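K.L.:
coordinates only, sequence not included:
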Ligand code: IFM
């Protein structure tokens, strides 16, 4: 049984942001409206077999047309912050050049409506929808894309930065570069180690240049970026498994954080790739080092890593597909060259239940990540930008959705955040993924992550029990803030 939501917020600072999270491509639909250009995901959705059941995001949650109703929902929910993303192909249909005024106007209206509703807008500039024209020119494996991103970031923040304070540059760079360029499971569907390695460094440079371009125009903005992070535990205490876990940690957690926050790539990673594969230019690492104002954290699971019974190989020990379940769930990349891979699973250790994604429920992972980042990089402000779970659920006979498992999930994860705060991590917000069910990339509409349920045939939004629960939490937090302010005045 879960505790009351009120009790939960009492331990957090009054200014803590309680929010929900979405992304443009997963909710907006209207892919051809108001001059939007095609993105790599529009193209990928047309590839036979790329998306479960042949789903696509042409309609998604129809948020582009229903945004006002959705802002009302957010207000009723009582969130103090809303993390969404800006679709680059709406702003620059080909990824470069003139700004598409109609596309920008959509976010301009959204920001105004959010502020009017007392909600802080928290946009992400890149949540995976690269303009197709840029992919045709080489995509993230092409250095010029870093400069195109910086131009785009500067233009959007120049237009909205008078009202928007918090900006995330990217969402989960390791996920979109590895799945998009190495494993071919996400757009643009490429399977190339050289392209992946190039994309890692180009996206790192895009962070550095985007950050500086935004700050040059508006120095007061709070600009960070958001990373998928997970604790990596060895399956057994053998040296091989311990090495495999530390290697997975270097690649999954530090491949982007370390060059940005410390100006170097993880050594284990560099030792596992061909010399020169990153196409580093002189001065790049100095430039890459970027004083991010915060780190956004998305944590969904822990990774338990085994070397698969092989002893530590020489080179290359690099290619591994992140499988959440060693028993077979999750995709598998098809490589022609031989490879050695650490495998992920629970390996007979104590394990949590599983969500509809096959991901283990392990709330401690969030504590480990928040305190781990603090330990390695110092006391940088942290925002949990995504935390959530998919379960198979449909409305019951009473028309309601009794998703106690989702409530328990959020409750346990919020407690984990609180423990991290008590251990010294500077965590400033929690965003539930997601406001409502949406387009879950290659899995289409099957996994349902929302606090609200969507009937995709009618676009009807229905509050799940977890939405009511989160509403009580958000309203409790708002009441505390009001009390403090009235005592102070
Ligand atoms: O839906 C995704 C989101 O786009 C990025 N983080 C993980 C979520 C759940 O898979």
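P.N.:
Here it is on my side, so go on. For clarity, every value in this text was computed on a predicted model and none was experimentally measured.
K.L.:
which bits of the stretch 151-300 of the chain sit near the ligand?
P.N.:
Counting by C-beta under 6 Å from any ligand atom, the stretch 151-300 of the chain comes close to the ligand at 172, 298. Heads up, the C-betas are built off the backbone N, CA and C, glycines and all.
K.L.:
quick one: the helices in the stretch 151-300 of the chain?
P.N.:
Applying DSSP state H, counting those that start in this stretch to the stretch 151-300 of the chain gives helices spanning 173-177, 193-217, 239-254, 257-262, 267-271, 284-288.
K.L.:
Turn those into TSV, including distance to residue 142, mean pLDDT and mean neighbour count.
P.N.:
Output for the helices of the stretch 151-300 of the chain, formatted as TSV (distance: least, C-beta to C-beta, whole Å; pLDDT from 0 to 100; neighbours: other C-beta atoms under 10 Å):
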stretch	distance to residue 142	mean pLDDT	mean neighbour count
helix 173-177	13	95	23
helix 193-217	7	97	22
helix 239-254	22	88	21
helix 257-262	19	98	21
helix 267-271	21	89	14
helix 284-288	15	98	16
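K.L.:
now those helices in JSON lines, with distance to residue 96?
P.N.:
Shown next, in JSON lines, are the helices of the stretch 151-300 of the chain (distance: least, C-beta to C-beta, whole Å):
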{"stretch": "helix 173-177", "distance to residue 96": "20"}
{"stretch": "helix 193-217", "distance to residue 96": "14"}
{"stretch": "helix 239-254", "distance to residue 96": "31"}
{"stretch": "helix 257-262", "distance to residue 96": "24"}
{"stretch": "helix 267-271", "distance to residue 96": "31"}
{"stretch": "helix 284-288", "distance to residue 96": "21"}
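K.L.:
Can you list the low-confidence ranges for the chain?
P.N.:
1-4, 308-346 (pLDDT under 70).
K.L.:
same thing but 80
P.N.:
1-6, 240, 305-350, 484, 489 (pLDDT under 80).
K.L.:
okay, which residue of it is out on the far edge from center?
P.N.:
Relative to the centre of the chain, the most outlying C-alpha is that of residue 489, 38.2 Å out, by C-alpha atoms, centre = their mean.
K.L.:
in a strand, that's where residue 106 is, yeah?
P.N.:
No: per DSSP: H, G, I helix; E, B strand; the rest coil, residue 106 lies outside any strand segment and is helix.
K.L.:
What is the neighbour count of it?
P.N.:
Neighbour count of residue 106, defined by other C-beta atoms under 10 Å: 23.
K.L.:
which residues sit in contact with it?
P.N.:
Contacts of residue 106 were listed using C-beta atoms under 8 Å, 6 or more residues apart in numbering, and they are 34, 64, 67, 90.
K.L.:
Would you mind measuring from the nearest residue to residue 258 once chain neighbours are set aside to the ligand?
P.N.:
Computed as C-beta to C-beta, 6 or more residues apart in numbering, the closest residue to residue 258 that is not its neighbour in sequence is residue 266, at 5.5 Å. Relative to the ligand, residue 266 is positioned 22 Å away (criterion: C-beta to the nearest ligand atom, to the nearest Å).
K.L.:
pretty sure residue 266 is touching residue 254, no?
P.N.:
Yes: using C-beta atoms under 8 Å, residue 266 is in contact with residue 254, at 4.8 Å.
K.L.:
Find residues that contact each of the two.
P.N.:
Common neighbours of residue 266 and residue 254 (C-beta under 8 Å, 6+ apart) do not exist.
K.L.:
Which parts of the stretch 301-450 of the chain are helices?
P.N.:
Going by DSSP H, counting those that start in this stretch, the stretch 301-450 of the chain shows helices at 364-377, 404-422.
K.L.:
and those helices as JSON lines, adding distance to residue 117 and mean neighbour count?
P.N.:
Below are the helices of the stretch 301-450 of the chain laid out as JSON lines (distance: least, C-beta to C-beta, whole Å; neighbours: other C-beta atoms under 10 Å):
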{"stretch": "helix 364-377", "distance to residue 117": "28", "mean neighbour count": "20"}
{"stretch": "helix 404-422", "distance to residue 117": "22", "mean neighbour count": "20"}
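K.L.:
Out of those helices, flag the one nearest residue 110.
P.N.:
Closest of these to residue 110 is helix 404-422, at 25.0 Å (criterion: C-beta to C-beta).
K.L.:
Is the ligand within reach of the closest one?
P.N.:
No: contact of helix 404-422 with the ligand (C-beta under 6 Å from any ligand atom) is absent, the minimum separation being 12.9 Å.
K.L.:
can you start the count at 52 instead of 1 from here on
P.N.:
Sounds good: first residue 52 from here, last item helix 455-473.
K.L.:
Packing partners of that helix?
P.N.:
Using 3 or more C-beta pairs under 8 Å, 6 or more residues apart in numbering; DSSP states H and E, the elements in contact with helix 455-473 are helix 56-60, helix 415-428, strand 433-438, strand 478-484, helix 516-539.
K.L.:
Just give me how far it sits from the chain centre.
P.N.:
Distance of helix 455-473 from its chain centroid, counting by C-alpha atoms, centre = their mean, to the nearest Å, is 18 Å.
K.L.:
and the residue farthest from the centre of the chain, how far is that from residue 321?
P.N.:
55 Å (C-beta to C-beta, to the nearest Å).
K.L.:
ok, whichever residue of the stretch 52-201 of the chain sits closest to the ligand to residue 414 distance?
P.N.:
The stretch 52-201 of the chain approaches the ligand most closely through residue 74 (5.1 Å), counting by C-beta to the nearest ligand atom. For residue 74, the distance to residue 414 equals 24 Å [C-beta to C-beta].
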